[in-house]
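Trainee: structure for this input, please:
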Amino acid sequence: MPRVHAPLHAGRGVVAAVLLATACLTACAPAAHPGSLPATLSMGEAGGLQVAVQNGIPVPTFERQQRRQLELSGTWRVQRLDLSDDLSLTDRAQSLDGILAEAAGREQPGYDDAGWGEIQVPGALNQPPDGDEIDGWYRRSAYVSARWAGLAVTLKFAAANYLADVWINGQYVGYHEGGYTPFAFDVTDVLQPGRRNTFAVRIANPSWGSRNDIVPWGLADWWNYGGLTGGVWLEATPATHLVRADVVPHLDGIDVAVVLHRTGAESVADASPTASPTPSPSPSPPFGTTSAAPVIGQSTPEAVLRVEVYPAEVRPDNLTSAVASALVPAGALPDASDELPLPVLDAGAAARLDTGFLLGGVDLWSPAHPALYVLHAALVDATGATADELWTTFGLRRVDVQPDTGQLLFNGNPAAFTGVGLHDEQIDPAGDGERAAAQPITSPEAILAQLDHARSVDADLLRTGHTPANPLLLMLADRLGFAVWEEIPLYHYTPLTYGIAMQRGIPQQMLREMALRDMNHASVLFHGLSNESTGTDAREAALTTLNDIDHAIDGTRLTGQAAYGSMPDDPTQAPLDVAGFTFYYGVFYGTDAAADTARALAIAHATNPGKPVMALEFGRWADGQQGPALQAAILEETYPQLNARSSRWGGYVGASVWWTLEDFTTMVPGIGIEHFGLFEPSGAARPAVTSAKRLFVAEAGEGARQQIESDVQRAEVVRRVTGTDWRLMGYLLYGLGVSVAILATLLALLIRRGGRARSGA
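Mentor: Residues are numbered from 1 along each chain as shown. The predicted model follows:
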């Protein structure tokens with residue numbers, strides 16, 4: 001039975017009992033027709049190398065670039081209404097006609113939406129305190145320049161909760177399921193340059209607890225903001241263009257993988273705006289690498305991919321810049337560069353080109369010293385002109401585990417993090433108690449306010465709720481210096497719901513989308529794969545699959561889960577890198593916060609002696625007259641028990657995370673706002689802040705004030721061997737060379753001794 005995480009202050013005991021019963025009934029009774037809608041992301045191959053593919057194209061970067069862009073965020077027309085969840089979650093081959101009948105023309109350019117309301121994107125259809133989950137239709141039009149004719153155009157969404165179907169000019173583009181991760185479509189052959197184009201999006205957001213084939217499936221202790229919760233934009237590139245540039249950091253260098261793609265169709269300016277909608281193409285294009293066609297426009301096969309590493313400097317004036325190139329100091333030259341010949345691509349084909357650099361005398365990234373570098377990838381034609389380019393930041397850092405001791409290692413040294421949980425949300429400080437208004441965060445200024453609170457209590461780790469992090473938060477965490485634990489929302493799962501979710505493939509897709517989006521963020525050190533879930537075999541099987549997926553994409557993050565601290569001998573930690581728990585002794589269970597927490601930690605360590613134990617939640621609500629004092633007492637009693645920090649000899653606690661930094665809204669009936677925060681919505685500090693400042697010891701968040709200009713003293717290009725770690729190859733070659741040298745020396749000595757023996761005979 002899933003445990004309801006809602007704190008039991010006045011009136012919550014009855015609420016919790018009802019919720020537990022409801023959750024059990026929902027968990028035990030599957031939806032009559034579990035969704036048949038397929039996941040849209042798959043792993044393909046280009047030249048024998050893995051490439052993630054979604055909606056017929058390689059998964060692109062979602063970092064803002066210095067390209068032709070048309071911003072579609074801002075004001076949209078919106079109509080809130082109930083949509084059929086069964087239609088929404090059925091394979092589009094069977095449901096698209098029904099969706100169009102339900103739409104009644106809302107997807108068409110000529111539809112009259114004058115009577116609809118307006119909404120800001122990014123934003124939410126259902127902002128607290130009014131409204132539960134709400135479905136709806138979004139529409140807007142925008143003029144696309146005629147100069148975009150002949151270019152490849154991608155439509156990008158930062159996030160849409162929960163399920164989005166997209167049309168342009170009445171033509172169906174495709175769909176995406178999952179509320180917190182980005183997606184994109186190639187819209188080259190449906191967009192009409194030189195005209196106004198109509199964009200229509202159908203958003204379905206099934207109520208949590210209404211069915212068990214969505215993720216998350218049941219009642220969750222945060223607000224389910226629905227709608228276009230992230231930004232929307234068009235991006236134009238040459239037909240052959242750079243898709244993404246992924247950096248895998250090491251302490252002495254980087255591996256770089258750059259994906260290229262050539263679109264399969266040209267822009268069609270005369271496309272009929274009332275053309276019949278058709279389902280999106282297969283998510284697995286026929287990637288190839290041979291053709292007689294030129295690579296870049298009219299260029300010749302002498303075109304190259306140029307990869308460069310630049311120093312970066314974060315200052316107050318460029319801290320919130322959306323583009324990575326803004327961090328490169330004026331006049332800076334590359335610290336390292338490489339040029340690779342380009343394959344000639346067939347239409348619709350992709351290629352992945354890999355290179356790497358050994359870097360000496362580098363500045364490593366850490367929360368206390370967040371040194372960043374900027375990677376620049378460019379397609380350069382035979383004349384030396386740049387046809388397309390990508391910019392991204394990265395940091396050199398390493399997080400791993402010392403299995404002999406169970407210590408967490410960061411940049412080669414024993415480490416431990418002091419963290420706070422936070423939610424991607426702003427609560428109106430002028431609100432009326434439990435009826436306060438709130439909204440998802442859409443500006444860097446709002447996140448900076450959160451990070452100021454985190455810095456003020458000496459926290460260096462952020463657990464970003466139970467979902468993938470806001471990309472703005474990660475950008476600022478990289479630049480200011482905060483480590484991040486982010487996760488996919490497998491929240492309060494059961495053996496039954498694990499089975500349904502994994503069979504549908506949605507958790508796997510969410511994890512890949514999160515990992516690919518955040519690949520180059522130095523701040524992301526941990527990926528959480530589940531939170532406070534039950535069962536053993538089904539959970540361990542799911543965690544094993546997800547762990548393997550995560551390591552295959554990147555391998556530089558540690559995987560974990562947040563298991564119930566009331567079961568410290570939980571066996572499902574086995575496939576993961578760290579052993580994570582939530583500890584609420586003296587709050588939800590146990591009688592003595594200090595003694596019971598110490599006992600549970602000892603059991604958790606004995607059960608997982610080769611893994612750091614991560615205390616991913618401890619805390620208490622501050623409701624009522626005595627609430628603030630009781631909250632502070634829990635911090636004072638629990639935190640010292642977590643003092644077996646893995647940064648110390650014999651220590652094994654890798655993280656201690658207070659839940660939470662600030663208050664947050666919840667879907668739990670009868671509560672409204674969870675007052676777990678160290679800080680009130682007004683920004684006022686609760687008494688527990690005084691305790692945190694005295695007990696917490698981290699150093700973080702000063703990157704902009706430090707104004708670090710990263711440096712590289714020496715660099716060497718190291719081309720990767722396909723499918724092989726170039727560092728391992730280097731070690732093997734080194735070992736082979738040493739062995740050959742030793743054998744040669746011994747052979748020379750033997751020959752010399754043999755010669756002397758013969759001459760003396």
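Trainee: just the strands in the stretch 251-400 of the chain please.
Mentor: Using DSSP state E, counting those that start in this stretch, the strands of the stretch 251-400 of the chain run over 253-262, 304-311, 336-341, 350-360, 373-380, 386-394, 399-402.
Trainee: what does the stretch 501-650 of the chain give?
Mentor: In the stretch 501-650 of the chain, the strands defined using DSSP E, counting those that start in this stretch lie at 524-531, 558-564, 579-582, 613-618.
Trainee: now do the contacts for the spatially most central residue of the chain.
Mentor: With distances taken as Cα atoms, centre = their mean, Met514 lies nearest the centre of the chain, 3.2 Å away. Taking Cβ atoms under 8 Å, 6 or more residues apart in numbering as the criterion, Met514 is in contact with 180-181, 468, 486, 488, 527. In short, each C-beta sits where N, CA and C put it, glycine included.
Trainee: let me have those residues in a markdown table, extended by distance to Leu353, secondary structure and pLDDT.
Mentor: Compiled in a markdown table, the contacts of Met514 are given as follows (distance: Cβ to Cβ, whole Å; DSSP: H, G, I helix; E, B strand; the rest coil; pLDDT from 0 to 100):
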| residue | distance to Leu353 | secondary structure | pLDDT |
| --- | --- | --- | --- |
| Tyr180 | 30 | coil | 97 |
| Thr181 | 26 | coil | 98 |
| Pro468 | 28 | coil | 98 |
| Glu486 | 29 | strand | 98 |
| Ile488 | 30 | coil | 98 |
| His527 | 26 | strand | 98 |
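Trainee: domain parsing for this structure?
Mentor: Taking automatic domain parsing as the criterion, the chain consists of the domains 54-236, 240-398, 399-706, 726-761.
Trainee: quick one, which of those domains is nearest to Gly44?
Mentor: Across the domains of the chain, Gly44 has its closest neighbour in domain 240-398 (5.5 Å, Cβ to Cβ).
Trainee: highest average neighbour count across the strands of the stretch 501-650 of the chain?
Mentor: Comparing the strands of the stretch 501-650 of the chain by mean neighbour count (mean count of other Cβ atoms under 10 Å), strand 613-618 comes out on top with a mean of 29.
Trainee: what about the stretch 351-500 of the chain, any weak spots by pLDDT?
Mentor: Counting by pLDDT under 70, the stretch 351-500 of the chain shows low-confidence ranges at 432-433.
Trainee: circling back to that earlier point, dump the domains of the chain to CSV, plus distance to Gly35.
Mentor: Shown next, in CSV, are the domains of the chain (distance: least, Cβ to Cβ, whole Å):
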stretch, distance to Gly35
domain 54-236, 3
domain 240-398, 17
domain 399-706, 6
domain 726-761, 43
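Trainee: between the ones you listed, which gets nearest to Ser36?
Mentor: With respect to Ser36, and counting by Cβ to Cβ, the nearest of the domains of the chain is domain 54-236 at 4.6 Å.
Trainee: what's the end-to-end length of that closest one?
Mentor: End-to-end distance for domain 54-236, by Cα to Cα, to the nearest Å: 18 Å.
Trainee: quick one: Lys181 and Leu472, what's the gap?
Mentor: I think there's a mix-up here, since residue 181 is Thr and not Lys. As defined by Cβ to Cβ, to the nearest Å, Thr181 lies at a distance of 15 Å from Leu472.
Trainee: could you check which of these two has the larger neighbour count?
Mentor: Between Thr181 and Leu472, counted using other Cβ atoms under 10 Å, the more crowded position is Thr181 (27 against 21).
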